[in-house]
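> Got a predicted structure plus its sequence, pasted below:
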Amino acid sequence: MDEVTRRLQREAERIASKHPVPEFYIRFKAPIALARKLFFSHPAVLRMRRTVEPLLQEDLGHGIFHTTRVSMDTAALIFIEVEPDGMSFRRTERLMMLGLFAGLLHDIRRSEERHAEAGAMEAEKLLLDFHLSRNEVECICEAIRNHEAFTAPTPCTRPWFQLVSDCLYDADKFRWGSDTFTHTLWHMANHQGLSPQELLARFPWGISGTFRIAGTFRTATGRQFGPEIIETGIEIGKEIYRYLYKHFKEDKNDE
Ligand SMILES: [Fe+2]
Ligand SMILES: [Fe+2]
């Protein structure tokens, strides 16, 4: 990443750190901690992390940072969604593991046109090396296929497939909150070689997409807590926009 972009990313992180943590990350500390523990200690998840890391594209802002956060939030959402049903811990943990796998694999073909479909096909091959049932592999692949924003998802063939699919979608879209402005934006700007002035020009368009995502959450938990995550991101984004405008407006006027 070039020096100017890196410096701006640091400034964005400073701005973001002044904003309150969204309620989801406060209220659900215990499920998030459990998801985190599985992510960093479950032998199959550790092996999957080693498998996907070389396939991820950090330069597009969808590398290990994004994937880790999506994975852990997918697993946490699964726990939260099934908790009222009184599901056994063993079964819950297994579904959380499928969620972690789906999160790790969902963007492995991010640079391709239909990356959700391409990712699902690649995931199916990789999952053959893991001790999963045919249904479990299908569950993960259906979730990956359905994770793209602003496209109609295909209804899943079983309720627990649907659960993993909806949780992956919501966890991925939670990233349209502060992560967009502290992480993804700068990697994309760097990758596309955008100057701060070019970034300023595109900013309002970017924020309008973020507004639209708030109405697309699929789980009850996502619908309840997702919009606040997005609103927090938008507030951070507006402040970053003002910062860029203040510091780069002269150059902008010279264009
Ligand atoms: Fe994706
Ligand atoms: Fe993603």
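Cool, got the structure. Ligands and ions are numbered 1, 2, ... in the order given.
> Helix, strand, or coil at the residue in the stretch 1-150 of the chain that ligand 2 sits nearest to?
Ligand 2 sits closest to residue 107 of the stretch 1-150 of the chain, with a gap of 4.4 Å, by Cβ to the ion. Every residue, glycine included, has its C-beta placed from N, CA and C. Put simply, residue 107 is coil when judged by DSSP: H, G, I helix; E, B strand; the rest coil.
> Identify the residues contacting the closest residue to it other than its chain neighbours.
Nearest residue to residue 107, sequence neighbours excluded (Cβ to Cβ, 6 or more residues apart in numbering): residue 62, at 4.5 Å. Shown in contact with residue 62 (Cβ atoms under 8 Å, 6 or more residues apart in numbering): 56, 107, 110, 184.
> Among those residues, which lie within strands?
Assigned to strands by DSSP state E, none of those qualify.
> I'd like the next helix or strand past the least confident helix or strand in the chain by mean pLDDT.
Taking mean pLDDT, DSSP states H and E as the measure, the helix or strand of the chain with the lowest value is helix 196-213, at a mean of 84. Remark: after helix 196-213, the chain's next helix or strand is helix 220-254, criterion DSSP states H and E.
> isn't residue 130 right next to residue 47, touching?
Yes. With contact defined as Cβ atoms under 8 Å, residue 130 counts as touching residue 47 (7.4 Å).
> Look at these two and report which has more neighbours.
Neighbours per residue (other Cβ atoms under 10 Å) separate residue 130 from residue 47, with residue 130 holding more: 16 against 11.
> before we move on, back to that, look up the residues that both of residue 130 and residue 47 are in contact with.
Common contacts of residue 130 and residue 47 (Cβ under 8 Å, 6+ apart): none found.
> Run a quick neighbour tally on whichever residue of the stretch 151-255 of the chain sits closest to ligand 2.
With Cβ to the ion, the shortest gap between the stretch 151-255 of the chain and ligand 2 falls at residue 172, namely 4.4 Å. By the measure other Cβ under 10 Å, the count of residues near residue 172 is 25.
> wait, is it part of a strand?
No. If the criterion is three-state DSSP, then residue 172 is helix and not within a strand.
> per-residue confidence for it?
Among the per-residue scores, residue 172 shows a pLDDT of 98.
> What parts of the stretch 1-150 of the chain come near ligand 2?
Proximity of the stretch 1-150 of the chain to ligand 2 (Cβ under 5 Å from the ion) is limited to residues residue 107.
> Nice, that's everything, thank you.
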